[in-house]
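# quick check, what structure comes out for this input:
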Amino acid sequence: MVETVKKPAAKKAVTAAAPKKAAAPAKSGKKIKVTQIGSTIGRIDAQRNTLIGLGLNKRHRSKVLEDTPAVRGMIERVKHLVVVEAAA
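Numbers count the residues shown, from 1 in each chain. Okay, the predicted model is just below:
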């Protein structure tokens, strides 16, 4: 019977790099008005939580939000429950 001997792995040099900061979204200045028109009764939790993330929780309430890709993605998930229009 032949025994195999494992050699210890070579240690890698660890450098202390500065943590990277997340890039701040560009401020376009565009605003959109999102109004909830549908109820959350009978909806899945993800849709209910998305509306809460948009700042909505009851029908016919509106919120003016920054027009960012993140907000647009949230609106896309609940597009059947909201109406989107350009803010003044």
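
# can we go C-alpha only for contacts and neighbour counts from here?
OK.

# the spatially most central residue of the chain is in what secondary structure piece?
With distances taken as Cα atoms, centre = their mean, Ala70 lies nearest the centre of the chain, 5.3 Å away. In this structure, Ala70 sits in helix 69-77 according to DSSP states H and E.

# tell me what that helix is packed against?
helix 45-53 (3 or more Cα pairs under 8 Å, 6 or more residues apart in numbering; DSSP states H and E).

# tell me the strands beside the very next helix or strand once past the helix it packs on, with direction?
Counting by DSSP H and E, the next helix or strand C-terminal to helix 45-53 is strand 62-66. Partner strands for strand 62-66, per DSSP bridges, with pairing direction: strand 31-36 (antiparallel).

# for the partner strand, C-alpha coordinates in CSV please.
As requested, the backbone C-alpha atoms of strand 31-36 are provided in CSV (Å, rounded to 0.1, in the frame of the first residue of the first chain):
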residue,chain,number,x,y,z
LYS,A,31,-38.5,62.4,-11.8
ILE,A,32,-41.5,60.1,-12.4
LYS,A,33,-44.8,59.9,-10.6
VAL,A,34,-45.9,56.4,-9.7
THR,A,35,-49.5,55.9,-8.6
GLN,A,36,-50.8,52.6,-7.2
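
# same question for that strand, mean pLDDT?
Across strand 31-36, pLDDT averages out at 97.

# got the angle for it vs helix 45-53?
Computed by axes from the mean of the first three to the mean of the last three Cα atoms, to 10 degrees, the angle separating strand 31-36 from helix 45-53 equals 130 degrees.

# ok, now how distant is the residue nearest to the centre of the chain from Thr40?
Note on Ala70: its distance to Thr40, by Cα to Cα, to the nearest Å, is 21 Å.

# same question, Thr50
From Thr50 over to Thr40 (counting by Cα to Cα), the distance is 11 Å.

# and if you look at Ile52?
Ile52 is 10 Å from Thr40, by Cα to Cα.

# which one of these two has more residues nearby?
Thr40 (17 against 12; other Cα atoms under 10 Å).
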